[in-house]
Each structure stands twice: as C-alpha cells, then as structure tokens.
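Colleague: Whatever this is, show me its structure:
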Amino acid sequence: MSLDWGVISNIESSLKDFLVSQANTDNITVDIDVADEYSNDWTLPRIVIDSDSKQKPRLEIGTNKRQNSYLIIIDIHARTNIERINLADWIETTINDGFDYYDYSSNPSNRDVPIKSQTAYVNFDYVTSQKVRLGDNVNDYDKWRYRISIQAWISGACNI
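Modeller: Predicted coordinates for the structure are as follows:
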C-alpha cells in the first residue's frame, strides 16, 4: 500500500478537481488549492481546501463497524467583501449535491499528474459557513476571508 494517497487526501483532491471543473464551466476565475499552510505569494481570489479532523462513531451498538466522517475546511481568500460572499454562495450551490470520490495513486511517468479512478461518492452536511473576522490590521490574504466547513462521508455508490 502506498502512503502517497489516503482517504483524506483523496477527499481533498476530489473536491479540488470538482471545484476546478465547475469553475471552468461557470467561467469563474479563481485559484483552487489543497494546502495546510498559506503562502504570501498567492494571487487572489483563492479557495483553499484542507482537512481538519476525522470522527469514527460506531454504526450500531454492539459492533466494531464505524462510520468514518471527515471535517473538511474550505477557506476563501478574496479581494473584496462582495467577492468573498459571491464565492461562498457559488461553492455552497456547486457542492450542494455532493461530489464524486476518486482514488488517486502515483503516476510513475508524471508525478505531477496522479492516476485517478472514480470509486464512490462524497456526501456531507454543512457545519459552518461564515465570514472570518480577524480585525483591521491583517494582511490582504486574510482581510476578506470566508470559511465553510463540512462534515463529509463516503458512500459506496458512484454518481455516474
């Protein structure tokens, strides 16, 4: 088993691929990344996807079967208040019905383009959707920030 791609990184990358495809379809100009740290050379607007935590509650009493769910954070870094609100609304509308889950694996011929195969579907519930207020003296990357958090789980059926 390769440790290059696990369930969490597959969810993050599946969401990124879905949003990039929809942004192209909807003619929305925005950079979309999977990242857990910020860079001072980003161009705005930017959407950043990152996992936060994993929960494993029991499916039913008396069994060791678990329902894995994952807290996924979607941060929007915008240039204006209107841009952050519009991007947040676009994301919520776009992902509302869930998105395809892909298993990714390393591509020996091109490490920058992983091999992917659709194996399931990601469903989710919204946890939060709100402006991030960090005060007046913040850098441009955080000045107009918005955060959406979702609790995601993988279902067995593909949405083909």
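
Colleague: Which stretches in the chain count as helices?
Modeller: For the chain, the helices defined by DSSP state H occupy 7-25, 81-95, 140-143.

Colleague: Tell me what angle the second one forms with helix 7-25.
Modeller: An angle of 110 degrees separates the directions of helix 81-95 and helix 7-25 when computed by axes from the mean of the first three to the mean of the last three Cα atoms, to 10 degrees.

Colleague: Put together TSV for the helices of the chain, with mean pLDDT, distance to residue 35 and mean neighbour count on each row.
Modeller: The C-beta positions use only the backbone N, C-alpha and C, and glycine is treated the same way. Compiled in TSV, those are given as follows (pLDDT from 0 to 100; distance: least, Cβ to Cβ, whole Å; neighbours: other Cβ atoms under 10 Å):
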stretch	mean pLDDT	distance to residue 35	mean neighbour count
helix 7-25	96	9	18
helix 81-95	96	16	17
helix 140-143	84	12	16
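
Colleague: low-confidence ranges in this protein?
Modeller: 1-4, 58, 157-160 (pLDDT under 70).

Colleague: Go through it and flag its longest strand.
Modeller: For the chain, the strand that runs over the most residues, judged by DSSP state E, is strand 115-132.

Colleague: can you list the residues that contact that one?
Modeller: Applying Cβ atoms under 8 Å, 6 or more residues apart in numbering, the external contacts of strand 115-132 come out as 11, 13-15, 17, 71-72, 75, 84, 88, 92, 95, 98-107, 142, 145-160.
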